[in-house]
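Peer 1: Mind looking at a prediction? Sequence and model below.
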Amino acid sequence: MPTQRDRVALLIMIAKTTFTPTARLVEVFSAIQGEGLNVGTRQIFIRFAFCDLRCHFCDSAHTWNAPSTCRIERSPGLRDFEIHSNPVPLTQLIEWVERQNLPCLHDSISLTGGEPLLHASFLEQFLPIVRTKTGLPIYLETGGHRPEQLATIITYLDSVGMDLKLPSVSGENYWQEHAKFLQICHDSHLHVFVKIIVSQQTNPDELERSALLVAEVSQDIPVFLQPVTPLPVSEQLTQIPVLAPSPEQVLIWQALMKQFVKQVRVVPQTHKMLNQL
Ligand code: SF4
């Protein structure tokens, strides 16, 4: 049921909106979440175009630039995609999400990418409406490096999966931004967890630094160590292949991090095992 806060936010947004905002999308579909705290739940995925990072292990490089079209699933889970032009008007996206939202089917809506926070001004208007119309919680999957944009939409979020990018694995370096981002999530009392992709090249010093960063905000924030899923040779983004860690490495790293934070879970990408999107 929509809350009073949702209804007021919706009215304010309608009053302020004099034109229809648009977003560039890659796809909308219904699937099982394969990562993090929401693993195994059914979600409506909205995958936004654009990413400003270039992680070595990225399996979504097709999202980096905006495609001229996006694919939209007609019936939840049937992969009967329609092709539509980008950019997509807000009202159109609401219609597509409502079409997916069959009774009792979905647990939440996942905002994914790319980097969804590059669409923060669109989300500021879209989220209060979609929350009210569907009654579904909103889950954000993010690189965790844009705290200013997060702050503009935090009141409309229910849970956040924040990537913490290790320089030795991803090639990206955002320690300060990650700390600020996690603090905002924690202060907002929403469900937040940290996801760290680990590979054979992972530097344990960076894992210790990550654990300390999380513990500084709260020792209770769950951390997910996700062994990298190696990319096919044709999709590898660097000369050095990103390989999965050994079982021994993972056990040592989990023990290392558990000295600082209470929950460190090791979970691979389960949607790939299930052949989900
Ligand atoms: S943040 Fe995500 S989409 Fe962007 S490069 Fe990294 S893995 Fe790919």
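Peer 2: Sure, I can see it.
Peer 1: Which positions in this protein make contact with the ligand?
Peer 2: 51, 53, 54, 55, 58, 60, 63, 113, 114, 115, 143 (C-beta under 6 Å from any ligand atom). Glycine gets a C-beta too; all of them are placed from N, C-alpha and C.
Peer 1: Give me the distance between residue 178 and residue 192.
Peer 2: 12 Å (C-beta to C-beta, to the nearest Å).
Peer 1: right, and residue 204 touches residue 250 too?
Peer 2: No: look at residue 204 against residue 250 with C-beta atoms under 8 Å: they stay out of range, at 11.5 Å.
Peer 1: ok so, going back, what's the overlap in contacts for residue 178 and residue 192?
Peer 2: Common contacts of residue 178 and residue 192 (C-beta atoms under 8 Å, 6 or more residues apart in numbering): residue 162.
Peer 1: A strand includes residue 109, no?
Peer 2: Yes: judged by DSSP: H, G, I helix; E, B strand; the rest coil, residue 109 forms part of a strand.
Peer 1: Pretty sure residue 136 is one of the things it touches, is it not?
Peer 2: Yes: at 5.1 Å, residue 109 and residue 136 qualify as touching, with contact defined as C-beta under 8 Å.
Peer 1: These two: which is more packed in?
Peer 2: residue 109 (23 against 18; other C-beta atoms under 10 Å).
Peer 1: what about the helices in this structure?
Peer 2: 4-16, 90-100, 120-134, 147-153, 167-170, 175-187, 204-217, 247-257, 270-273 (DSSP state H).
Peer 1: can I get the ones you listed in JSON lines with mean pLDDT and distance to residue 229?
Peer 2: Output for the helices of the chain, formatted as JSON lines (pLDDT from 0 to 100; distance: least, C-beta to C-beta, whole Å):
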{"stretch": "helix 4-16", "mean pLDDT": "55", "distance to residue 229": "37"}
{"stretch": "helix 90-100", "mean pLDDT": "98", "distance to residue 229": "26"}
{"stretch": "helix 120-134", "mean pLDDT": "98", "distance to residue 229": "28"}
{"stretch": "helix 147-153", "mean pLDDT": "98", "distance to residue 229": "26"}
{"stretch": "helix 167-170", "mean pLDDT": "88", "distance to residue 229": "13"}
{"stretch": "helix 175-187", "mean pLDDT": "98", "distance to residue 229": "22"}
{"stretch": "helix 204-217", "mean pLDDT": "98", "distance to residue 229": "19"}
{"stretch": "helix 247-257", "mean pLDDT": "97", "distance to residue 229": "14"}
{"stretch": "helix 270-273", "mean pLDDT": "79", "distance to residue 229": "6"}
